[in-house]
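**Q** coordinates for the following, if possible.
(2 chains)
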Amino acid sequence: TQLLEQSPQFLSIQEGENLTVYCNSSSVFSSLQWYRQEPGEGPVLLVTVVTGGEVKKLKRLTFQFGDARKDSSLHITAAQPGDTGLYLCAGASAGNMLTFGGGTRLMVKP
Amino acid sequence: GAVVSQHPSRVICKSGTSVKIECRSLDFQATTMFWYRQFPKQSLMLMATSNEGSKATYEQGVEKDKFLINHASLTLSTLTVTSAHPEDSSFYICSARLSINSPLHFGNGTRLTVT
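**A** Sure, this is the predicted structure:
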């Protein structure tokens, strides 16, 4: 069973602060996806990283895939209240099966 | 973009009754659909993988006789929670994909409350 350790589990910050969420595993993934989920809704895909060392930016969000394709990070610059939500990483393995991390619940206070 | 519709969004049922949740791919044919369960403030837990026309593959610890999955067409999969109990109360989410290398599209989930 492949495991994805996501940290921190919970993060409460003030508007304007920066933050980083980490996703780590001892397993290699063919790709890694980041999702954001709001209460009562399904997860929404933010980004997919495929190549080791790859960096992708989505406005104030920066996603990085580790060189060995075992870990990833999500960095948010100047967080806003609208960034509040549950962030999930998910690694894809054989058969494109996804393994989800435990999630990071982010709260950005105005 | 691809849309997955899940119905109902919320359901309340009495203990001992059965509840059916539908997952539909609206604009693509989903060869594979996945069912997840999510407890409050926790991540998604895969319950089963459903391939059109064949029996679902259940994850370890998930009772196949309690959580009946049917994937009779390329656009519809159903999850039936049989003889529901309060501990079955949870947020159930489905996802679907066109093929093995296609991205996953998630439904908006179903909040089940068993009283």
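**Q** now do the contacts for B:K64.
**A** By Cβ atoms under 8 Å, 6 or more residues apart in numbering or on different chains, the contact set of B:K64 is B:48, B:56, B:58. Any C-beta I mention is one placed from the backbone N, CA and C, and that applies to glycine too.
**Q** quick one: it is in a helix?
**A** No - under the criterion used here (DSSP: H, G, I helix; E, B strand; the rest coil), B:K64 is coil, not part of a helix.
**Q** re earlier: can you go through the contacts of B:K64 and name the buried ones?
**A** Among the contacts of B:K64, those buried by neighbour count (16 or more other Cβ atoms under 10 Å in any protein chain shown) are B:48, B:56, B:58.
**Q** surely the second one meets B:T49?
**A** By that I understand B:A56. Yes - shown here, B:A56 and B:T49 form a contact pair, counting by Cβ atoms under 8 Å, at 6.5 Å.
**Q** tell me which parts of chain A are close to chain B?
**A** Contact residues, chain A versus chain B (Cβ under 8 Å from any Cβ of the partner chain): A:6, A:40-45, A:48, A:86, A:88, A:95-98, A:100-103, A:105.
**Q** residue 90: neighbour count?
**A** Using chain A here. Here the number of neighbours of A:A90 (other Cβ atoms under 10 Å in any protein chain shown) works out to 25.
**Q** think we crossed wires, I meant chain B
**A** 21.
**Q** contacting residues for the closest residue to B:Q42 other than its chain neighbours?
**A** Among residues not flanking B:Q42 along the chain, A:G103 sits closest, at 6.7 Å (Cβ to Cβ, 6 or more residues apart in numbering or on different chains). Listed by Cβ under 8 Å, 6+ apart, the contact partners of A:G103 are A:6, A:9, A:37, A:86-88, B:41-43.
**Q** kindly recompute the last result at 7 Å.
**A** A:G103 makes contact with A:6, A:86-88, B:42-43, according to Cβ atoms under 7 Å, 6 or more residues apart in numbering or on different chains.
**Q** in helices, which of the residues of chain A next to chain B appear?
**A** Members of these lying in helices (criterion: DSSP state H): none.
**Q** beta partners for B:S50?
**A** Note on B:S50: beta-bridge partners by DSSP bridges are B:M33.
**Q** quick one: contacts for it?
**A** B:S50 sits next to B:32-33, B:35, B:56, B:69, B:71, B:77 when contact means Cβ under 7 Å, 6+ apart.
**Q** only whichever of those residues are buried, select them in ChimeraX.
**A** To isolate the buried ones among these in ChimeraX, judged by 16+ other Cβ under 10 Å, type:
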select /B:32,33,35,56,69,71,77
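**Q** looking at pLDDT only, which of the contacts of B:S50 scores worst?
**A** Lowest pLDDT within the contacts of B:S50 is found at B:H71 (89).
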